[in-house]
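**Q** Fold the following for me, if possible:
(chains A and B)
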Amino acid sequence: MIRPDPLKSESDEVTAMIEVQGLTKFYGAVSAIQDVTFHIDKGEVVGFLGPNGAGKSTTIRILTCYMPPTAGQARVDGLDCVDKSLEVRRRIGYLPENVPLYNEMTVRRFLRFVAQAKGVEARAMTREVDRVISVCGLERVKNRIIANLSKGYRQRVGLAQALINNPPVLILDEPTIGLDPTQIVEIRRLISDLREDHTILLSSHILPEVAQICQRVLILNKGRIVATDSPHALTAQLQKSAKIALTVQGDGERLARALEAMDGILTVQLETNGHSRITLETDRSRDLRPEIARKVVEEGLGLLELKSMDLSLEDIFMQLVTEESPAAEGEREASETAEEVQ
Amino acid sequence: MMRGFWSVYRKELYLVFASPIFFAVAFIFLVLNGYFFYSSVAYYNMVSFQAGQNPFMAQQLNVMDVVVRPLFMDLSIVLLLVAPLLTMRVYADERRTGTVELLFTLPVTDGAALVAKFLGVLSVLTLLLAGTLPSMALLGFLTDLNWKAVLSAYLGLWLLGAAFMALGVFTSSLTKNQIIAAVLSFGALLLFWVVSWMSSVLGPGASRFIEYLSIIRHFDSFSKGVLDSRDITYYLIFIAFFFFVTLRQIESYRWRG
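**A** Sure thing, here's the model as predicted:
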């Protein structure tokens, strides 16, 4: 764990850049988040995962001092988001969901506005604005009116705006939503370049993205944190069985029955679609692939494909999100309504 | 702190001039000013000829009463119509486009942002009033004008406009729809304008209070060239009150998200 520079921090006790404790937010009578607790160390890149309406944006809005929590505490760099709101805002670069920008302004003027609002001195202004323009690759459009920019460029302007004055914490709400695949790759690369010297909290519901960029994920469901760990550790932890995909030429009916009888194989699923695709769930303790290959040959079928499948983050996510008590059902509706209310 | 204020102020002014609303409003305002000015001067001209035959009437004739005061009364009505159009944008549009989330998470206090937005629209008002100066200068060139009284009328009109705008900024903070903001502010201003009509129906105490509330009553003395501290105080309290309720509304908006 990296301790923050004591000169920059309010107190030596602080080890976490973002600290959230028992955070609860109600919209009227419905709760958006309940008792959310987590912390993010300096220099970490953390993914914030959850289905729509899980409370990601609410948590982020509390952290960025857009709204106060109903209960609980959120601290950034040791400073309380309610009591020391302005100080916290100075330390955060925030890219809101849907990237709201002043459409009438040119990119450059907009960035100058943000720079001035963030307290960048007049002398340093041009240099700072030019810096974020070059970091985000906006040279070509810097004198264009924002309303005429493509979605990808808008996203970059939003990111450039967040980077102004080099805040130690970056909070990005759905930074790649609505972009085409090339743009997604570009934005992701940009974020990866930034992790050198920033603490980043990144919300998303695109799982591979989070798995690629983040060291750790927080999974939020129905306003509660349901898991927090590295993508890798989560996979290991939740993988009770190994999966093997097998494709053979010809009729796999007999083979499937033979495999079912084999020791160590838990379930067998057969799909016939020209070829026979068999999905096997096996005991994790040993690798059954050689034995399966032998069986295929014994049956006299042509082996097209045999591979072991790791649980993807998607599977884990589904497992966590669907592993729920019936009592939680009502809450989901509540949190969905909360999203609509917003 | 100050830098945050200036950044929002400059942004507001930029957005005003980037939108066609300002130009439409300024055009209408100046055209109406020209019309009212011309018609009062033409009337003054006609009455002056008649006064040539009637010495008693000539004594009564005064360019302030015949031209300047009616003109400023007319302009105050035009301001009632255009002020809501200038203020409807300030918060409502930020809410509609979502930029409010950006503004509220920048290191600028709500109070500084509010004052910056208010001064932004007030600067536009000042510009509009400055647009009427050429006609006054022309009148001063043609006749003997009591410039002190004219300046007092300008101050009155400016304070009246500022009060209109404080209320307009407040109604703009209530909704994300600019039209609704404009309608609310127009309706409320009209109510503050005509509230004194009730005074004849009410008892003496209530009627004095209601007369005091009337936003246009306090303008009369200015247009007569009299600076009364009570009238200045009225407008300042009016503005301060709407600053206060706007800040409360923003606080409540933040809570609700």
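**Q** Which residues of chain A lie near chain B?
**A** Residues of chain A lying near chain B by Cβ under 8 Å from any Cβ of the partner chain: A:25, A:27, A:58, A:61, A:64-68, A:86, A:89-90, A:92, A:94, A:96, A:98, A:100-105, A:109, A:113-114, A:116-119, A:161, A:341-342. C-betas here are computed from N, CA, C, even on glycine.
**Q** Report the contact partners of the residue in the stretch 51-200 of chain B that chain A sits nearest to.
**A** Scanning the stretch 51-200 of chain B for proximity to chain A using Cβ to the nearest Cβ identifies B:Gly98 as nearest, at 3.5 Å. With contact taken as Cβ atoms under 8 Å, 6 or more residues apart in numbering or on different chains, B:Gly98 is in contact with A:96, A:98, A:100.
**Q** Can you tell me the SS state at the last one?
**A** Think A:Pro100. Under the three-state scheme (DSSP: H, G, I helix; E, B strand; the rest coil), A:Pro100 adopts coil.
**Q** got a list of contacts for stretch A:36-46?
**A** By Cβ under 8 Å, 6+ apart, the residues outside stretch A:36-46 that reach it are A:1-4, A:15-24, A:55, A:59, A:72, A:168, A:195, A:197-202, A:213-218, A:220, A:223-225, A:228.
**Q** Now the terminal residues of it, how far apart.
**A** Stretch A:36-46 stretches 15 Å from its first residue to its last (Cα to Cα, to the nearest Å).
**Q** Determine how far it lies from the middle of the whole chain.
**A** Centroid separation for stretch A:36-46 versus its chain: 13 Å, with Cα atoms, centre = their mean, to the nearest Å.
**Q** Can you give me the buried ones in that stretch?
**A** Within stretch A:36-46, the residues scored as buried using 16 or more other Cβ atoms under 10 Å in any protein chain shown are A:36, A:38, A:40-46.
**Q** circling back to that earlier point, out of the residues of chain A next to chain B, list just those in helices.
**A** Members of those lying in helices (criterion: DSSP state H): A:58, A:61, A:86, A:89-90, A:109, A:113-114, A:116-117, A:161, A:341.
**Q** Count the neighbours of A:Ala147 for me.
**A** A:Ala147 has 11 neighbours, counted by other Cβ atoms under 10 Å in any protein chain shown.
**Q** Hmm, A:Thr106 and it touching each other?
**A** No - in this structure, A:Ala147 is not within contact of A:Thr106 by Cβ atoms under 8 Å, at 10.1 Å.
**Q** With only the CA atoms kept, save the helix or strand encompassing A:Glu281 in CSV.
**A** Assigned by DSSP states H and E, A:Glu281 belongs to strand A:275-282. Taking Å, rounded to 0.1, in the frame of the first residue of the first chain, the C-alpha atoms of strand A:275-282 are listed here in CSV:
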residue,chain,number,x,y,z
HIS,A,275,-21.8,-30.5,-35.5
SER,A,276,-22.3,-31.6,-32.0
ARG,A,277,-21.4,-29.1,-29.3
ILE,A,278,-21.0,-30.5,-25.9
THR,A,279,-20.5,-28.4,-22.8
LEU,A,280,-19.2,-30.2,-19.8
GLU,A,281,-18.9,-29.1,-16.2
THR,A,282,-16.2,-31.0,-14.4
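**Q** Summarise which helices and strands that strand is packed against.
**A** The elements that strand A:275-282 packs onto, with contact taken as 3 or more Cβ pairs under 8 Å, 6 or more residues apart in numbering or on different chains; DSSP states H and E, are strand A:242-249, helix A:253-260, strand A:265-273.
**Q** Could I get the buried residue list for the longest one?
**A** When you say that, I think you mean strand A:265-273. Using 16+ other Cβ under 10 Å as the burial criterion, the residues of strand A:265-273 that qualify are A:265, A:268, A:270.
**Q** Any idea what the last one is bridged to?
**A** Put plainly, it is A:Leu270. A:Ile278 (DSSP bridges).
**Q** The residue of the stretch 51-200 of chain B closest to chain A and A:Arg90, how far apart?
**A** 22 Å (Cβ to Cβ, to the nearest Å).
**Q** Next: A:Ala29.
**A** To A:Arg90, A:Ala29 is 35 Å away according to Cβ to Cβ.
**Q** more neighbours, these two?
**A** Using other Cβ under 10 Å, the more surrounded residue of A:Ala29 and A:Arg90 is A:Arg90, with 18 against 8.
**Q** Name the residues linked to A:Ile40 by a beta bridge.
**A** Beta-bridge partners for A:Ile40, by DSSP bridges, are A:Ile18.
**Q** In this model B:Gly34 seems to touch B:Ser135, though I could be wrong.
**A** Yes - contact criterion Cβ under 8 Å: B:Ser135 and B:Gly34 qualify, at 7.0 Å.
**Q** Buried residues, the strand holding A:Glu281. List them.
**A** A:275-278, A:280-282.
**Q** Now do the next helix or strand after it and helix A:253-260, the angle between them.
**A** Sequence-wise, the next helix or strand downstream of strand A:275-282 (DSSP H and E) is helix A:289-298. Comparing the axes of helix A:289-298 and helix A:253-260 via axes from the mean of the first three to the mean of the last three Cα atoms, to 10 degrees yields an angle of 150 degrees.
**Q** quick one: average confidence on the following helix or strand past helix A:289-298?
**A** Sequence-wise, the next helix or strand downstream of helix A:289-298 (DSSP H and E) is strand A:302-309. Strand A:302-309 shows a mean pLDDT of 82.
**Q** Partner strands of strand A:302-309, with direction?
**A** strand A:242-249 (antiparallel).
**Q** And the average pLDDT for whatever helix or strand B:Phe17 lives in is what?
**A** For B:Phe17, the element it lies in under DSSP H and E is helix B:2-18. The pLDDT scores in helix B:2-18 average 92.
**Q** packing partners for that helix?
**A** Helix B:2-18 sits against helix A:107-117, helix B:89-97, helix B:110-130, with contacts defined as 3+ Cβ pairs under 8 Å, 6+ apart.
**Q** Using CSV, write out every CA atom in it.
**A** The C-alpha coordinates for helix B:2-18 follow below in CSV (Å, rounded to 0.1, in the frame of the first residue of the first chain):
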residue,chain,number,x,y,z
MET,B,2,-13.1,35.0,-7.1
ARG,B,3,-11.7,33.1,-10.0
GLY,B,4,-14.6,30.7,-9.8
PHE,B,5,-17.0,33.6,-9.8
TRP,B,6,-15.4,35.2,-12.8
SER,B,7,-15.3,32.0,-14.7
VAL,B,8,-19.1,31.5,-14.3
TYR,B,9,-19.8,35.2,-15.0
ARG,B,10,-17.8,35.0,-18.3
LYS,B,11,-19.4,31.8,-19.2
GLU,B,12,-22.9,33.2,-18.7
LEU,B,13,-22.1,36.3,-20.8
TYR,B,14,-20.7,34.0,-23.5
LEU,B,15,-23.8,31.9,-23.5
VAL,B,16,-26.1,35.0,-23.7
PHE,B,17,-24.4,36.2,-26.8
ALA,B,18,-24.2,32.8,-28.3
